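Chemist: here's my sequence, what's the structure:
(chains A and B)
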Amino acid sequence: NAGVTQTPKFRVLKTGQSMTLLCAQDMNHEYMYWYRQDPGMGLRLIHYSVGEGTTAKGEVPDGYNVSRLKKQNFLLGLESAAPSQTSVYFCASSYRWTGVYEQYFGPGTRLTVT
Amino acid sequence: EDKVVQSPLSLVVHEGDTVTLNCSYEVTNFRSLLWYKQEKKAPTFLFMLTSSGIEKKSGRLSSILDKKELFSILNITATQTGDSAVYLCAVDRSSNTGKLIFGQGTTLQVKP
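Modeler: Predicted coordinates for the structure are as follows:
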């Protein structure tokens, strides 16, 4: 099992450019999440999905869009990148249990917007 | 507003020392508290705590939850350089979405 994978690993964008980050998981998890991590701020939730075809906003959704057309994939889009979106982006997934939700993380994508 | 606060934000110790990391929380409908270790890349799961007073242990790491005082501690005994990492605390609320609220993290550096 590859677990959770993310592409690309690194990217440099100019202000105003667009891009899509891809997250894929092979664990048959129902739930998937996109976070950003900035120095001193821990992980902040951007968007999440509780199943194929459904998405919802997290804490910091502005400037991002997402889609979950297939259960195993969760895409994060930046339509018009801004320097404030320079960050490390993590994707995570989890089972839908009646109890608790341990999340499994991908290796991250380091994005720089100049 | 729900929040999770970790302290200290950073810590430098020498090999063999014992460290205690703190995590306090104020959330509605608390379900569980999770600890993650983050080295260079992805956070990796350490512990999940749901009940007060029951210690979870894995090797030199242990953690306990106090739901009355709303905090958890993560202890690392006989620290090694490989323990150097960012330690993240997160809280799961009963929202059936699996959304976690993360603290800022504690950066631990263990010197030889």
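Chemist: can you pull out the strands in chain A?
Modeler: Secondary structure of chain A, counting by DSSP state E: strands at A:4-7, A:10-13, A:19-25, A:31-37, A:43-51, A:54-57, A:64-67, A:73-78, A:87-94, A:104-105, A:109-113.
Chemist: give me the residue from chain B nearest chain A.
Modeler: Per CB to the nearest CB, B:Gly98 is where chain B lies closest to chain A, at 3.4 Å. C-betas here are computed from N, CA, C, even on glycine.
Chemist: how many neighbours does that residue have?
Modeler: By other CB atoms under 10 Å in any protein chain shown, the residues close to B:Gly98 number 25.
Chemist: could you do the one 5 residues further on as well?
Modeler: Counted by other CB under 10 Å, the residues lying close to B:Gly103 total 24.
Chemist: verify the contact between A:Lys70 and A:Gly53 for me.
Modeler: No. In terms of CB atoms under 8 Å, A:Lys70 does not count as a neighbour of A:Gly53; the distance is 9.3 Å.
Chemist: list residues touching both of those two?
Modeler: When CB atoms under 8 Å, 6 or more residues apart in numbering or on different chains defines a contact, no residue borders A:Lys70 and A:Gly53 alike.
Chemist: for the nearest residue to A:Gln6 once chain neighbours are set aside, give me its contacts.
Modeler: Counting by CB to CB, 6 or more residues apart in numbering or on different chains, A:Gly106 is the residue found nearest to A:Gln6 once chain neighbours are left out, at 4.0 Å. Taking CB under 8 Å, 6+ apart as the definition of contact, the neighbours of A:Gly106 are A:Gly3, A:Val4, A:Thr5, A:Gln6, A:Cys23, A:Phe90, A:Cys91, A:Ala92, B:Ala42.
Chemist: same check on B:Val27?
Modeler: Contacts here follow CB under 8 Å, 6+ apart; on that basis B:Val27 touches B:Asp2, B:Lys3, B:Val4, B:Val91, B:Arg93, B:Ile101.
Chemist: quick check: phi and psi at the closest residue to it other than its chain neighbours.
Modeler: Spatially, and ignoring its direct neighbours in sequence, B:Val27 is nearest to B:Asp2 (4.2 Å; CB to CB, 6+ apart). Its backbone dihedrals place B:Asp2 at phi -70, psi 140, with angles given as degrees, to the nearest 10.
Chemist: again with B:Asp83
Modeler: As for B:Asp83, its main-chain torsions (degrees, to the nearest 10) stand at phi -80, psi -10.
Chemist: tell me the SS of the residue nearest to it when sequence neighbours are not counted?
Modeler: The spatial neighbour of B:Asp83 that comes closest, neighbours along the chain excluded (CB to CB, 6+ apart), is B:Val110 at 5.1 Å. Under the three-state scheme (DSSP: H, G, I helix; E, B strand; the rest coil), the conformation of B:Val110 reads as strand.
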